[in-house]
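Engineer: Following is a predicted model, sequence given first.
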Number of protein chains: 2
Amino acid sequence: MADVARRAGVSMATASRALSNHPHVAAETRARVLAAAEQLSYVISPEASRLAGGATGRVAVVVPHISRWFFAALLDGLESVLRDADLDVLLYHVGDTADRRDFFQRLPARRKVDAIVVLGMPVRDDERARLELMGVHIVAAGGQVENYPSVSIDDTAAGRQAVDHLIFLGHRRIGMIAATDPAEPGWPTGPGRTMAYRAALADAGLPDDPELVVTVEWGGRNGAAAMERLLSLREPPTAVYAHSDEVALGAMRTLRRAGLRIPEDMSVVGIDDHPMAELADLTTVAQPVHEQGVLAGRMLRKLLAGEPGADGVTVPTRLVVRGSTAPPRR
Amino acid sequence: MADVARRAGVSMATASRALSNHPHVAAETRARVLAAAEQLSYVISPEASRLAGGATGRVAVVVPHISRWFFAALLDGLESVLRDADLDVLLYHVGDTADRRDFFQRLPARRKVDAIVVLGMPVRDDERARLELMGVHIVAAGGQVENYPSVSIDDTAAGRQAVDHLIFLGHRRIGMIAATDPAEPGWPTGPGRTMAYRAALADAGLPDDPELVVTVEWGGRNGAAAMERLLSLREPPTAVYAHSDEVALGAMRTLRRAGLRIPEDMSVVGIDDHPMAELADLTTVAQPVHEQGVLAGRMLRKLLAGEPGADGVTVPTRLVVRGSTAPPRR
DNA sequence: TGCGTAGTCGGAAACGCTTCCAGCGGTTGC
DNA sequence: GCAACCGCTGGAAGCGTTTCCGACTACGCA
């Protein structure tokens, strides 16, 4: 930077001000500095800049499963707005339980970022305590995180949309394939999605047969296995509600293999509106995933700018009727 | 850090050496410093550390499409090994042409990273020139990038495996759905995949009917449209080779809608072995995506350690036969 | 006993910026 | 006409590390 200043015939102080867009620099001087920087193809050293100044210009993004569509889409949306704000994204993948413990214990992002956003992942209280040690803003998206400004869907409402649709079509015997997060075995992805099922059945005066509920780890293959369980019942359901599209897609594969027709012999409904759902003609409850990432990014920008961000946003879901649901055969 | 040094009763110089695992520190002293740091829950300021020292401990990862499975899986693999090496991942998404130009023009990662890895994306010569301005190591994965140490599959071989399979089954009239990258219209994803098709046909003594080739942008929906084109021919093919599974899945949807049976009326083969391919019972040529990311990460570690990394690795692909291919009806 | 040496440790100078404070010439208000 | 003021600029003090270099200790050997 000394070179640039010399070339522009100004002091380092002025050069610094010009380069970082501070006021109190004559337009002409600024132009001269910028030109000098350009010629020397000089860029400010972020390290030195942060050392002396304040913010790092970086945001940590914590995500449990990079290669799953839902999380990747969330990240995509988030990244786009952070990039527009000239914020760099530091990616932290906390795939399994060990990673996760390690992340919250070591806090590898400490002192490295201005904020942290947690994607699609509930944060436990003890983890929250660790996170707060970092003393930076925290935002969540796509997961049911309390205590933080966050954006997500209403899982219960989404579940209701799916199950109510099946009930409306006339189904009385409805199975549910609940998905748990493989990283947190036994922990339901969305407790709301399960509650919605029971509430919908109760409201419709239908019995809640525990046989009809099977819980598996997330994933198409497990969805397929779950459907096998359901088919092995003495009296299988006439419709199945899956907690996510991938699981539903797995279930459909089992049905196809069994020679059953969809939707004539069995209706299937999922949640998410995964791109594959369209190709598979799967009825589902769509949630705006990319948009949730975008909203979280905007929220963060506000927070970083010092404005009091909204506490939380719930984005709407909507039923997308395709060819995998129909009234039951009588 | 001054606090830590004081508490441990040593100078800052010694504290620094102890904390960054340098030699020439008595074991007992080091333990004392570490304990003091622990008690004060102190972590080194990376900014200051880099300013004085050398490396940033960060790696830039450039990826064209975060939310597509292939790229996300690559990133997943890469991230896991970088994390093990205590390297932070700075994510740069260059979705469309504008992003891309902007990235290579502004080089936002400049001075921020020790290395850069390009995922699933060919780099043009002019872009390469810009990249080299950063003066850091460069590694590529999942794309056909020349001049860099890189890991990828042999696209031509993969294409041959797919097309040869169809030919072996007895198909004589084989369609191809070629995919281009939406970010770089007109640019074939894998020129090799196209060449393989022509070479296979030629080797089998089959005519190369231009009608049978349709080129679309990547994506399931476009795959579906491409299949419609193929079905509108006077004499449609008996089998279709798609450049990627998503495209193949789209094609299958059109076939299903048309009431055609797979594989009886039409065989379909893809490339990638997308998780959905298994659920859709799609025959495909599998490539180890996650592993390519891992290998790229290892290569980078070597490079950063000063060892001469291998110039490039080609990982093998293999045909996975499922239910979407069969001999043609006669 | 004296001296060289290996192993540790401390002082202090960078590292490349930002920002406080002061100075400078020129305006404005009375 | 003078003082107060304003916009712009420069000097210099940090910011929190690392590392060079010199000093100090304890020990082995002649």
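Structural biologist: Good, I have the coordinates.

Engineer: Check the burial of the nearest residue to residue A:318 once chain neighbours are set aside by counting its neighbours.
Structural biologist: When the adjacent residues along the chain are set aside, residue A:318 lies closest to residue A:286, with 5.5 Å between them (CB to CB, 6 or more residues apart in numbering or on different chains). (Glycine included, C-beta is placed from N, CA and C.) Here the neighbour count serves as a burial measure; for residue A:286 (other CB atoms under 10 Å in any protein chain shown) it reads 21.

Engineer: go on, the one 5 residues further on?
Structural biologist: A count of neighbours around residue A:291, defined by other CB under 10 Å, yields 15.

Engineer: Downstream of the helix or strand hosting it, the next helix or strand is which one?
Structural biologist: Applying DSSP states H and E as the criterion places residue A:291 in helix A:289-304. Moving toward the C-terminus from helix A:289-304, the first helix or strand encountered (DSSP H and E) is strand A:312-315.

Engineer: Show residues contacting that next one.
Structural biologist: By CB atoms under 8 Å, 6 or more residues apart in numbering or on different chains, the residues outside strand A:312-315 that reach it are A:148-154, A:287-288, A:291-292, A:295, A:299.

Engineer: try stretch A:6-21
Structural biologist: A:1-2, A:4-5, A:22, A:24-25, A:29-30, A:32-37, A:39-40, A:44, A:49.

Engineer: Among the residues you listed, which ones lie close to chain B?
Structural biologist: Cross-checking those against chain B (CB under 8 Å from any CB of the partner chain) gives residue A:44 as the overlapping residues.

Engineer: what's the burial count for residue A:32?
Structural biologist: Neighbourhood size, residue A:32 [other CB under 10 Å]: 19.

Engineer: What subset of the contacts of strand A:312-315 is buried?
Structural biologist: Among the contacts of strand A:312-315, those buried by neighbour count (16 or more other CB atoms under 10 Å in any protein chain shown) are A:148, A:149, A:150, A:151, A:152, A:153, A:154, A:287, A:288, A:292, A:295, A:299.

Engineer: Would you mind listing what in chain A touches DNA strand D?
Structural biologist: Proximity of chain A to DNA strand D is confined to A:9-14, A:17, A:23-29, A:48, A:51-52 under the rule CB under 7 Å from any atom of the strand.

Engineer: Just the ones of the residues you listed in helices?
Structural biologist: A:12, A:13, A:14, A:17, A:27, A:28, A:29, A:48, A:51, A:52 (DSSP state H).

Engineer: how much space between the first one and residue A:258?
Structural biologist: According to CB to CB, to the nearest Å, residue A:12 stands 75 Å off from residue A:258.

Engineer: what's the neighbour count on the closest residue to DNA strand D within the stretch 201-330 of chain A?
Structural biologist: DNA strand D sits closest to residue A:304 of the stretch 201-330 of chain A, with a gap of 20.4 Å, by CB to the nearest atom of the strand. Here the number of neighbours of residue A:304 (other CB under 10 Å) works out to 19.

Engineer: and what of residue A:307?
Structural biologist: Under the neighbour criterion other CB under 10 Å, residue A:307 is assigned a count of 10.

Engineer: Backbone torsions only: list them for it.
Structural biologist: With angles defined as degrees, to the nearest 10, residue A:307 sits at phi -80, psi 150.

Engineer: okay, it: pLDDT?
Structural biologist: Predicted confidence (pLDDT) for residue A:307: 81.

Engineer: Kindly report the same for residue A:311.
Structural biologist: On the pLDDT scale, residue A:311 gets 80.

Engineer: Can you report phi and psi for the residue nearest to it when sequence neighbours are not counted?
Structural biologist: The shortest distance from residue A:311 to any non-neighbouring residue, by CB to CB, 6+ apart, is to residue A:149 (5.6 Å). Note on residue A:149: backbone dihedrals following degrees, to the nearest 10 are phi -60, psi 130.

Engineer: again, but for residue A:116
Structural biologist: Its backbone dihedrals place residue A:116 at phi -140, psi 130, with angles given as degrees, to the nearest 10.

Engineer: And for residue A:130, the neighbour number?
Structural biologist: Neighbour number of residue A:130 under other CB under 10 Å is 16.

Engineer: Residue A:38 now?
Structural biologist: Neighbour count for residue A:38, taken as other CB under 10 Å: 10.

Engineer: just residue A:124 next, same as before
Structural biologist: Taking other CB under 10 Å as the criterion, the count of residues near residue A:124 is 13.

Engineer: Just read off the phi/psi values of it.
Structural biologist: Taking degrees, to the nearest 10, you get phi -80, psi 170 for the backbone angles of residue A:124.

Engineer: Then residue A:153?
Structural biologist: Residue A:153 adopts backbone torsions of phi -100, psi 170, taken as degrees, to the nearest 10.

Engineer: residues contacting the nearest residue to it once chain neighbours are set aside?
Structural biologist: Nearest non-adjacent residue to residue A:153, counting by CB to CB, 6+ apart: residue A:287, 4.6 Å away. Residue A:287 makes contact with A:153, A:158, A:271, A:272, A:273, A:315, A:317 under the criterion CB under 8 Å, 6+ apart.
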